[in-house]
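Asks: Using only what follows, build the 3D model:
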Amino acid sequence: QVQPVESGGGSVQAGGSLLLSCQPTRFTSCIYDISWYRQSPGKEREFVSGIDRDGVTTYADTVKGRFGISVDNGKNTAYLQMNSLTPEDTAMYYCKGTPRNGACPGYDWGQGTQVTVTS
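Replies: Predicted coordinates for the structure are as follows:
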């Protein structure tokens, strides 16, 4: 398995923006579909956004139009640009990599990065 490291979280006021990053702790030659998830206290982890190897993106309805997912293959890094943040976006954010090749390792759940939005 591959351990991801999420970063970029912090505390912002409502209406603000954050850019989250996700990098694996070790390089593989594998290609991954990348997804971002979030979990708030007392709630289940939920899907936020995903991007596949062809660049096709998907978003939860709650973030559509405000969040943008991207991948920089040269830097081996995935991003989640979050704009127009609201207190409801407060959560721990995690990234997940799913390999297209079954012989490749998947991503473990990382430590996540905390996003706190104040009103």
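Asks: Check the offset of stretch 38-52 from the chain's centre.
Replies: 9 Å (CA atoms, centre = their mean, to the nearest Å).
Asks: Flag every buried residue along that stretch.
Replies: By 16 or more other CB atoms under 10 Å, the buried positions in stretch 38-52 come out as 38, 48, 49, 50, 51, 52. For glycine as for every other residue, the C-beta is placed from the backbone atoms N, C-alpha and C.
Asks: I'd assumed residue 31 was in contact with the last one.
Replies: Think residue 52. No. Counting by CB atoms under 8 Å, residue 52 does not reach residue 31; the two are 9.4 Å apart.
Asks: Which of the helices or strands spans the spatially most central residue of the chain?
Replies: Closest to where the C-alpha atoms of the chain average out (CA atoms, centre = their mean) is residue 36, at 3.0 Å. Element membership for residue 36, per DSSP states H and E: strand 32-39.
Asks: what ranges do the strands span in the chain?
Replies: Ranges of strands in the chain, per DSSP state E, are 4-7, 10-13, 18-24, 32-39, 46-51, 57-59, 67-72, 77-82, 91-99, 113-118.
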